[in-house]
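Student: Here is the input, now give the coordinates:
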Amino acid sequence: MNVGRILRHLIAPQWAVNRAFPRAVLDRVASAIHASEAMHRGEIRFAVEAGLDLLPLLKGTTPRERAVAVFTELRVWDTEENSGVLVYVQLVDHHIEIVADRGISAKVRQEEWDSICLHMQDTFRTCRYEAGVIEGIRRITALLNQHFPPGAANPDELSNEPAVL
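Tutor: Got it, this is the predicted structure:
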């Protein structure tokens with residue numbers, strides 16, 4: 001149990017999310033997701049949270065485990081072609097995870113997702129959160145377009161609205 005991590009999470013103010021991702025930025029992220037999804041048959045969700053609650057911290061929940069839980073909670077798995085992708089940002093741990101549904105995971109190596117996360121983290125270090133997310137979405141779009149190009153039917157199956165947890 002990392003006491004420092006627990007304290008950082010418990011004192012993390014919710015306004016930290018609003019400072020990094022004000023409403024106007026969240027609207028532009030939603031627009032970028034909407035534009036992206038017109039170029040492929042995948043579905044993208046973006047979620048951000050400041051800190052975790054006490055119980056997950058006491059259990060030692062990692063950012064990856066939390067991202068998988070959010071993937072489930074937001075029902076990113078609930079697409080016809082199993083083509084959902086979650087971009088999860090955990091501000092206190094300065095961590096980004098991308099969780100892809102099985103249809104995409106079968107075609108895209110984890111190293112490609114990790115590369116996108118690292119680029120986003122580098123951009124976040126200079127407090128350019130919007131630029132990091134938009135570039136991440138652009139890179140995800142390229143992968144999804146390669147493996148799930150647009151078809152005749154391309155329904156918007158998941159909300160494009162960012163989830164602030």
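Student: Tell me the buried residues in the longest helix anywhere in the chain?
Tutor: Taking DSSP state H as the criterion, the chain has its longest helix at helix 129-147. By neighbour count with 16 or more other CB atoms under 10 Å, helix 129-147 contains the buried residues 129-130, 132-137, 139-141, 143-144, 147. Glycine gets a C-beta too; all of them are placed from N, C-alpha and C.
Student: Over to stretch 110-128?
Tutor: 112-113, 116-117, 120, 123-124.
Student: Cross those against helices and list the overlap.
Tutor: 112-113, 116-117, 120, 123-124.
Student: Identify all contacting residues around the lowest-mean-pLDDT helix or strand in the chain.
Tutor: Ranking every helix and strand in the chain by mean pLDDT, DSSP states H and E puts helix 3-11 at the bottom, with a mean of 85. Under the criterion CB atoms under 8 Å, 6 or more residues apart in numbering, residues 51-54, 57-58, 92-93 lie in contact with helix 3-11.
Student: Give me the buried subset of those.
Tutor: 51-52, 57, 92-93.
Student: Save the buried residues of helix 129-147 as TSV, and put in distance to residue 98 too.
Tutor: As requested, these are exported to TSV (distance: CB to CB, whole Å):
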residue	distance to residue 98
129	16
130	18
132	13
133	12
134	15
135	13
136	8
137	11
139	10
140	7
141	13
143	10
144	12
147	14
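Student: Quickly name whichever of these is closest to residue 40.
Tutor: residue 144 (3.9 Å; CB to CB).
Student: For that closest one, give its distance to residue 160.
Tutor: 14 Å (CB to CB, to the nearest Å).
Student: Pull up the gap between residue 3 and residue 83, please.
Tutor: The value you get for residue 3 to residue 83, if CB to CB is used, is 40 Å.
Student: and if you look at residue 35?
Tutor: 17 Å.
Student: of those two, who's got more company?
Tutor: residue 83 (24 against 13; other CB atoms under 10 Å).
Student: ok, now which ones touch residue 96?
Tutor: 87-90, 117, 120-121, 124, 136.
Student: go again using 7 Å as the cut-off
Tutor: 88-89, 117, 120-121 (CB atoms under 7 Å, 6 or more residues apart in numbering).
Student: and residue 158, which of the three is it?
Tutor: Using DSSP: H, G, I helix; E, B strand; the rest coil, the structure places residue 158 in coil.
Student: right, and it touches residue 46 too?
Tutor: No: here residue 158 does not reach residue 46: they are 10.7 Å apart, not a contact under CB atoms under 7 Å.
Student: For the residue nearest to residue 161 when sequence neighbours are not counted, give me the pLDDT.
Tutor: Excluding its sequence neighbours, the residue lying closest to residue 161 (CB to CB, 6 or more residues apart in numbering) is residue 30, at 5.3 Å. Note on residue 30: pLDDT of 98.
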